[in-house]
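Novice: Provided below for reference: sequence and predicted model.
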Amino acid sequence: MNKERCASRDQWQQCSYSPIGGAAGLGRGWSQPLQQQQQQQQQQQQNGSGWQAMLQCTRAIGLKERWESVDLGEIMFSLCYLPTAGRLTLTVIKCRNLKAMDITGYSDPYVKVSLLCDGRRLKKKKTTIKRNTLNPNYNEAIIFDIPPENMDQVSLLISVMDYDRVGHNEIIGVCRVANNAEGLGRDHWNEMLAYPRKPIAHWHPLVEVKKSFKEWHGRAASFDSQGSCPSPKPPSTP
């Protein structure tokens, strides 16, 4: 920079470098005098609160849209366990406000229930398919034989699926119940064990498939599979 163009110290203070035009001279590359800069800064500070409010509003709208985009619907089912018979009954009652998966604005939902143990799928069962609806009613019972000594080792993965005639069926959302599940999934399981022989029904929100759920789906195993988790055995007959 050429300081000779500012004859005095006062003039030097008025000559502040601006990165817009580089160091080409006072006509280009140098900002306006300090008084005009101060006036602009004061005006920006006065308008700053308005801009901040607009930014906060925009962020709030974006956050709302993000939460709304992951609203997959809910499923209601009941759990009932008979310790003497070693029988767990999950009754799929209904779903509501499911995510539309087809171009028609509807889905063809059915429910798949997988019996898991340490990430291995031991068995799976399905409900019937309900056509063109986002609020299907099922009232279908799914039964698994699980001895009491294995109840702490197993979990149930409930997947609401969209049937597709062409291609693969899509997962709308899932939920999980077990003694080591999170939130409502754990509470529902513990309530079932606390009140044996009594059906306990709750609504469960559907969530997106996590990595752990994908691993469970990929590790299918039969009752004869060998692993760290013993396969549930049928209860002994008296």
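Specialist: Good, I have the coordinates.

Novice: tell me who's in contact with Leu134.
Specialist: 73, 95-100, 106-107, 109 (Cβ atoms under 8 Å, 6 or more residues apart in numbering). C-betas here are computed from N, CA, C, even on glycine.

Novice: 10 Å - rerun?
Specialist: Contacts were defined as Cβ atoms under 10 Å, 6 or more residues apart in numbering; by that measure Leu134 touches 73, 95-101, 105-107, 109, 172.

Novice: now stretch 90-97: buried residues?
Specialist: Judged by neighbour count using 16 or more other Cβ atoms under 10 Å, the buried positions of stretch 90-97 are 90-95.

Novice: alpha carbons of it, in PDB - could you do that?
Specialist: Extracted in PDB, the C-alpha atoms of stretch 90-97 (Å, rounded to 0.1, in the frame of the first residue of the first chain):
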ATOM      1  CA  LEU A  90     -48.500 -60.400  20.400                       C
ATOM      2  CA  THR A  91     -51.800 -59.200  19.000                       C
ATOM      3  CA  VAL A  92     -51.500 -56.600  16.300                       C
ATOM      4  CA  ILE A  93     -54.500 -54.400  16.700                       C
ATOM      5  CA  LYS A  94     -54.200 -51.500  14.300                       C
ATOM      6  CA  CYS A  95     -52.100 -48.700  12.900                       C
ATOM      7  CA  ARG A  96     -52.800 -45.100  12.300                       C
ATOM      8  CA  ASN A  97     -51.300 -42.200  10.200                       C
END
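
Novice: just put the contacts of Leu134 in a markdown table and tack on pLDDT, secondary structure and distance to Thr133.
Specialist: Supplementary listing: those in a markdown table, determined by pLDDT from 0 to 100; DSSP: H, G, I helix; E, B strand; the rest coil; distance: Cβ to Cβ, whole Å:
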| residue | pLDDT | secondary structure | distance to Thr133 |
| --- | --- | --- | --- |
| Gly73 | 97 | coil | 11 |
| Cys95 | 98 | strand | 9 |
| Arg96 | 98 | strand | 10 |
| Asn97 | 97 | coil | 11 |
| Leu98 | 97 | coil | 8 |
| Lys99 | 96 | coil | 12 |
| Ala100 | 95 | coil | 10 |
| Met101 | 93 | coil | 12 |
| Gly105 | 93 | coil | 11 |
| Tyr106 | 95 | coil | 6 |
| Ser107 | 96 | strand | 7 |
| Pro109 | 98 | strand | 7 |
| Ile172 | 97 | strand | 12 |
